[in-house]
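Colleague: Have a look at this fold, sequence not included:
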């Protein structure tokens, strides 16, 4: 396992691309993971941390990790569903990415 944040992110990307319907991409210049079917981003890499689109208990649990906070890339307007999880909690990144993928997948199924 890599010890640098980008290396850890790349490991998460490799695992999810190999095991789930996802692809690597970019969202507003940020490296991210997108659902293959919808093209919706559900996780990304920002300033040495991973960000995840979450809801419900996974969202609450992610925010309870030390240093985690709502994603606010522009300053002053946090994105309520997106949680930044620092590299100190990289052992949670794959699980959080899977939860985020489940969330966007279920949201798409409700629309269908």
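Modeller: Arrived safely. Predicted, not measured: the structure shown is a model, and the values here were computed from it.
Colleague: So which residues make contact with the host helix or strand of residue 94?
Modeller: In the assignment (DSSP states H and E), residue 94 maps to helix 93-111. Residues outside helix 93-111 that contact it (CB atoms under 8 Å, 6 or more residues apart in numbering) are 8-9, 12, 15-16, 20, 22, 33, 35, 37-38, 40, 42-43, 50, 52-55, 58, 62, 83, 85. All C-beta spots, glycine's among them, are computed from the backbone N, C-alpha and C.
Colleague: how about 7 Å then?
Modeller: With contacts defined as CB atoms under 7 Å, 6 or more residues apart in numbering, helix 93-111 is touched by 8, 12, 15-16, 20, 22, 33, 35, 37-38, 40, 42-43, 50, 52-55, 58, 62, 85.
Colleague: ok, how many other residues are close to residue 99?
Modeller: 22 (other CB atoms under 10 Å).
Colleague: Can you give me the distance of the closest residue to residue 73 other than its chain neighbours to residue 86?
Modeller: Excluding its sequence neighbours, the residue lying closest to residue 73 (CB to CB, 6 or more residues apart in numbering) is residue 46, at 6.8 Å. Between residue 46 and residue 86 the computed distance is 11 Å (CB to CB, to the nearest Å).
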